[in-house]
Structures are given as structure tokens and as C-alpha cells.
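> No sequence on hand, only this structure:
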């Protein structure tokens with residue numbers, strides 16, 4: 001999977017550089033790189049308007065390659081291999097995690113809180129019609 005990712009990155013890099021170069025070579029409204037290389041000359045290999053069509057189509061193809069490689073990198077980056085289920089398809093048992101035993105002991109009042117009368121009255125059950133003070 002690493003080799004495929006490296007290959008797609010190289011393709012994306014080359015297509016990005018190709019798009020940059022072809023955009024700079026295209027003839028625009030002002031003086032640009034295309035005019036410096038004589039892309040507007042009528043005696044060229046592609047004719048008067050042939051170079052513009054060739055450069056535009058090549059740019060579109062390289063832009064498509066760039067977008068497809070970007071989508072492929074996104075897919076490869078989000079791909080997570082699932083662990084195999086074993087020879088017979090049985091899943092491995094879950095690991096056993098040991099935990100400390102839970103001991104529930106009755107909570108006794110500390111001597112400091114039992115010494116106060118308010119704490120003793122609050123902890124003692126209300127018997128009969130007595131009103132706690």
C-alpha cells in the first residue's frame with residue numbers, strides 16, 4: 001500500500017507541475033510567457049489557433065489527472081485494514097482484564113462528628129413525636 005501511495009503522490013506532483021507550466025505558456029490578454037515563446041506565430045507547428053487548443057486540452061487532461069490523484073490519495077489515506085478473522089473465520093477471544101475486587105463496608109461515623117450534639121441528633125433515628133433540636 002505504501003508503494004501505491006508513493007506512486008500516486010509522484011503522479012500528482014508531476015501533473016501539478018505540468019498544469020502550472022501549461023497555464024504559464026498559454027496566450028492571455030497581456031504580455032505573458034506564451035508570447036515570449038512565440039505561441040501566437042502563425043507559422044508554428046500547430047497553426048495560428050492550434051497551439052491554443054492543444055495547450056487548453058493538455059491543461060484540461062493534466063487537471064483531470066491531478067483531481068483523480070487527489071481523490072485517490074484521499075481514499076488511500078482513509079483506508080484502514082481490517083484484522084483478519086483467522087483460518088476458520090472465528091474471531092479471537094476478547095482479552096480478560098483483571099479488576100480490583102469491590103468491597104462494600106458499612107461506613108461508621110468518625111469520632112469527631114459523633115461528639116457534636118447536632119451530628120448525633122441528625123444520625124439518630126426520630127423516635128415517636130420528638131422534634132430534632
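Yep, it's here. Nothing here was measured: the structure is a model prediction, and the numbers come from that model.
> Low-confidence bits of this protein, can you list those?
Scanning the chain with the threshold set as pLDDT under 70 gives 29-51, 84-96, 98, 100-102, 105-133.
> Name the single longest helix found in it.
Using DSSP state H, we find that the single longest helix of the chain is helix 50-78.
> Give me the packing partners of that one, helices and strands only.
Judged by 3 or more Cβ pairs under 8 Å, 6 or more residues apart in numbering; DSSP states H and E, the packing partners of helix 50-78 are helix 2-25. For every residue, glycine as well, the C-beta is placed using N, CA and C.
> Give the buried residues for the helix it packs on.
For helix 2-25, a neighbour-count test (16 or more other Cβ atoms under 10 Å) marks 8, 11-12, 15-16, 18-19, 22-23, 25 as buried.
> Packing partners of that helix?
Under the contact definition 3+ Cβ pairs under 8 Å, 6+ apart, helix 2-25 sits against helix 33-36, helix 50-78.
> looking at those helices, which is closest to residue 3?
helix 50-78 (11.1 Å; Cβ to Cβ).
> Next, the angle from that closest one to helix 2-25.
Interaxial angle, helix 50-78 versus helix 2-25 (axes from the mean of the first three to the mean of the last three Cα atoms, to 10 degrees): 150 degrees.
> Same list, the buried residues of helix 2-25, but as JSON lines with distance to residue 75 please.
Below are these laid out as JSON lines (distance: Cβ to Cβ, whole Å):
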{"residue": "8", "distance to residue 75": "10"}
{"residue": "11", "distance to residue 75": "14"}
{"residue": "12", "distance to residue 75": "13"}
{"residue": "15", "distance to residue 75": "17"}
{"residue": "16", "distance to residue 75": "18"}
{"residue": "18", "distance to residue 75": "22"}
{"residue": "19", "distance to residue 75": "21"}
{"residue": "22", "distance to residue 75": "27"}
{"residue": "23", "distance to residue 75": "27"}
{"residue": "25", "distance to residue 75": "32"}
